[in-house]
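Visitor: with the sequence up front, the predicted model follows.
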Amino acid sequence: MKSHIQSLLEQAIQTLKQQAIIPADFEARIQVDRTKDKTHGDFATNLAMMLTKVARKNPREVAQLIIDSLPQDSQVAKVEIAGPGFINFFIDENALTNQLMAALNDDHLGVSLPAPQTVVVDYSSPNLAKEMHVGHLRSTIIGDAVVRALEFQGHKVIRQNHVGDWGTQFGMLLAYMEELRAQQGEQAQVELADLESFYRAAKVRFDESEEFATRARQLVVELQSGDEYCNKLWREFNDISLSHCHEVYERLGVSLTRADVRGESAYNDDLEQVVKDLDAQGLLSESNGAKVVFQDEFQTKEGEPLPVIIQKADGGFLYATSDLAAMRYRSNVLKADRALYFVDLRQALHFQQVFSLARTANFVRPEMSLEHMGFGTMNGEDGRPFKTRSGGVVKLVDLLSEAETRALELVRSKNPDMDEEELAKIAKVVGIASVKYADLSKNRASDYIFSFEQMLSFEGNTAPYLLYAYTRVAGIFKRAADVDLTGASIKLEHDKEKELGNKLAQFAEVLGRMVAKGQPHALCGYLFELAGAFSSFYEACPVLAADSEDEKKSRLLLAQLTAKTLKQGLDLLGIETLERM
Ligand code: ARG
């Protein structure tokens, strides 16, 4: 409710800005407090006092102007000016139940859509030279959840899979691909099924044979100068690599498609121009033959200047160069209001540097916000970066298969009589959900320990717990299928009903936080609490055996809204629900 009043006040300020009563660029800090004495209403704000200076009016006058500009709202019964210029809000007693009824009858669960924005979301973004690794798993899962929530709120989302499909290592890979094809013909395809060992084998050849290394370097030059044969080879390689990625996306139920791929290579033609534009603005310096930009605010601990390298001495461009070009494209062509980057926190400095440079060089519109949504490292149970037992890179497909196998055992132990087909279907959902939820439910900025045991537990903030909670709530409602709920309404009398009602009413607010900060764990925590609030309610308040018909119906509606909210919430996290498990 507090944030609801805040948003009403924000709208009033917007109106006052349009009427030029307060300056358009004034940033008002809106504070709303719960009142101690209910004769002063339920909430109060000192906003009018904060605005007296810029509005050049006395606080009570400003308060009246604010009140006149407040949008009509069904939850606010009365607004009053008090004392020197406080504004007091009286909440309608029925506001909460009205809000819940509205949510129940709305596809969007009563989430009112804020001003829609265009949001570019850069996520997944693996390097095509190698197999996608666990870091990209985090980016993919967290990014996709935020994308879904943004779209649910009504924003226009443009997904950008900024894959690493360019760079000198491609010379080595293409040379190896060429060599294999000459030796094995079609058979060479088989080796490409495992990119990791393909890469290693290519590296061995590169290190052992001078002739091979020369060919590799030559191929890079030819690739970059647009040679048709080279480009064809390169496209074939990337195509195979990308199809591995899309296999993973599909299994994960991630919404990325091929059309969302816009890799580093897409910016090739603009890189020369980036250099020229930086040069024209006098931003470029020379350092050991390389073209670099020094920005005063970036220094090493020893106080040495820390440049962004734009072009190497041999003419090659860098990761930062394509990111500058990409920002320009996102701002000027895609017209993004926000650009979100779901990338490992270890790249934080890179993003600080290129964001700041893009602003200095006017590559992005000043009003566009650039946000690095960094995440921590996924570690194994030994607390070290995730590796296979033999120390190799964990393939994501293997990881997902193991999750599904373990989920199958778990589901079977709970349902010894279930037939194999249904077991398999349920296990698939539970396995994938567990991997995703384990990642989403942690604060993304912290490192986390990947543990099958923990993620597949029925206890605590886990996917199995929530999926099971959902089947229980949905089940209650199914057992009451013959109860006619037309015209019924929610009444919150019992304490546990009130607690559940309050929780249910917070959905929109939580979603807002998740989207503003790019933090799915806010939604996970909320759904976990909601499931808990429902359990306590269900223990204390009989539903089908309620004292009266009205009470029974009211409680059924609460169960219905809980089920709807859990399902919608999980869906926004990219998690499928089950009717039975
Ligand atoms: N390919 C990069 C990596 O694997 C991530 C790219 C992230 N996006 C970006 N615009 N830099 O580290």
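Guide: Alright, I've got the coordinates.
Visitor: strands along the stretch 201-350 of the chain, start to end?
Guide: In chain order, the stretch 201-350 of the chain shows strands spanning 285-287, 290-293, 308-311, 338-341, with DSSP state E, counting those that start in this stretch as the criterion.
Visitor: same deal with the chain?
Guide: Taking DSSP state E to define them, one finds strands in the chain at 32-34, 43-45, 76-82, 86-91, 118-122, 156-160, 285-287, 290-293, 308-311, 338-341, 369-372, 378-379, 448-449.
Visitor: pull up the pairing partners for the second one, direction included.
Guide: Spelled out, it's strand 43-45. strand 32-34 (antiparallel), strand 86-91 (antiparallel) (DSSP bridges).
Visitor: from the chain's centre, how far out does that strand sit?
Guide: Distance of strand 43-45 from its chain centroid, counting by CA atoms, centre = their mean, to the nearest Å, is 33 Å.
Visitor: now that strand: mean pLDDT?
Guide: Averaging the model's pLDDT scores along strand 43-45 yields 94.
Visitor: now render the strands of the chain as JSON lines, adding mean neighbour count.
Guide: Placement of C-beta: from N, CA and C, glycine included. As requested, these are arranged in JSON lines below (neighbours: other CB atoms under 10 Å):
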{"stretch": "strand 32-34", "mean neighbour count": "14"}
{"stretch": "strand 43-45", "mean neighbour count": "21"}
{"stretch": "strand 76-82", "mean neighbour count": "16"}
{"stretch": "strand 86-91", "mean neighbour count": "21"}
{"stretch": "strand 118-122", "mean neighbour count": "23"}
{"stretch": "strand 156-160", "mean neighbour count": "20"}
{"stretch": "strand 285-287", "mean neighbour count": "12"}
{"stretch": "strand 290-293", "mean neighbour count": "21"}
{"stretch": "strand 308-311", "mean neighbour count": "20"}
{"stretch": "strand 338-341", "mean neighbour count": "24"}
{"stretch": "strand 369-372", "mean neighbour count": "18"}
{"stretch": "strand 378-379", "mean neighbour count": "19"}
{"stretch": "strand 448-449", "mean neighbour count": "17"}
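Visitor: how about CSV for the ones you listed, with distance to the ligand added?
Guide: Output for these, formatted as CSV (distance: least, CB to the nearest ligand atom, whole Å):
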stretch, distance to the ligand
strand 32-34, 38
strand 43-45, 41
strand 76-82, 44
strand 86-91, 44
strand 118-122, 5
strand 156-160, 8
strand 285-287, 22
strand 290-293, 17
strand 308-311, 13
strand 338-341, 6
strand 369-372, 9
strand 378-379, 14
strand 448-449, 19
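Visitor: got a markdown table for these, with distance to residue 11 too?
Guide: Listed next are the strands of the chain as a markdown table, based on distance: least, CB to CB, whole Å:
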| stretch | distance to residue 11 |
| --- | --- |
| strand 32-34 | 14 |
| strand 43-45 | 14 |
| strand 76-82 | 12 |
| strand 86-91 | 14 |
| strand 118-122 | 21 |
| strand 156-160 | 22 |
| strand 285-287 | 48 |
| strand 290-293 | 42 |
| strand 308-311 | 41 |
| strand 338-341 | 20 |
| strand 369-372 | 21 |
| strand 378-379 | 42 |
| strand 448-449 | 39 |
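Visitor: residue nearest the centroid of this structure?
Guide: The C-alpha lying nearest the average C-alpha coordinate of the chain belongs to residue 146 (CA atoms, centre = their mean; 2.7 Å).
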